[in-house]
Structure formats: C-alpha cells, structure tokens
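K.L.:
sequence and computational prediction follow.
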Amino acid sequence: MVLIKTKIQIFNNDSSAFGPGKALLLVAILNHGSISAAAKSMKMSYRRAWDLVTAMNDSFKEPLVITKTGGSHGGGAEVTVFGNHVLSTYQNALKKSECFIDAQMSDLLKLLK
C-alpha cells in the first residue's frame, strides 16, 4: 500500500498558528463542548490543550475558541463562527492539496518496488 502524507502547518512569525493537531483539537472541542473533555478524548493534558487554544487565539484576528465560566451547569468552551471558518478553510485546503499531490506523484509512485 502506498501512502502519501500531506501536512499543512501555518506559521505566524515564528510560532505555529494552525496545523493538523490544532484542527483536531477544534473538532474535539466542537464534539465535547469543553477544552478539558476535548483534551481527555485526545489523551492530551488539559494544560497542553489550553496552551494550543491560547496559541490559536493569539495568532488570529479573532478568537477561534471562547470559554464560558462555570456555574450550576458548569463551564465549557465553544468554537466561534470565526473558528469554524478557519477550520473549514483549512480542511478544504488540505483536501485540495491531497488531490493535487496524488495527481502530481502518480508517475513517481509507479517507480516504487
């Protein structure tokens, strides 16, 4: 089985603004409604997840994730409309790049054993 792996990582100055891990974290926050639950589902520490959310929010013009303080129903986090836009734009670009790379590499792949 031949596998070509495409990875897109976006940098803002010297720091990683967005990439595959941050995209997965946004999806997990969408699915679980909190940074803590998202981190747990990814087998990641809460601190690491929080640091990634902070890095994303600091890198873009608007926050990608907002947090809600606790109360009788607990706190949580949600991906903003802007965050959803960043995520879908990233996912679409990744799909298009994978199709392009597959097409471009077809002749090279024929040379493999």
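P.N.:
Yep, it's here. This one's a predicted model, so the numbers in the text were calculated from it and none came from an experiment.
K.L.:
if I pick the residue nearest to the spatial centre of the chain, what's in contact with it?
P.N.:
Closest to where the C-alpha atoms of the chain average out (Cα atoms, centre = their mean) is Ala23, at 0.9 Å. Ala23 makes contact with 87, 90-91 under the criterion Cβ atoms under 8 Å, 6 or more residues apart in numbering. All C-beta atoms are positioned from the backbone trio N, CA, C, and that covers glycine.
K.L.:
for the protein, which spans come out with low pLDDT?
P.N.:
Residue ranges of the chain with pLDDT under 70: 1-2, 71-74.
K.L.:
which residue ranges form the strands in it?
P.N.:
Along the chain, the segments classed as strands by DSSP state E run 10-12, 15-18, 65-68, 76-79.
K.L.:
tell me the spacing between Tyr46 and Ala38.
P.N.:
Counting by Cβ to Cβ, to the nearest Å, the separation of Tyr46 from Ala38 is 9 Å.
K.L.:
these two: which has the busier surroundings?
P.N.:
Just comparing Tyr46 and Ala38: by other Cβ atoms under 10 Å the higher neighbour count belongs to Ala38, 26 against 14.
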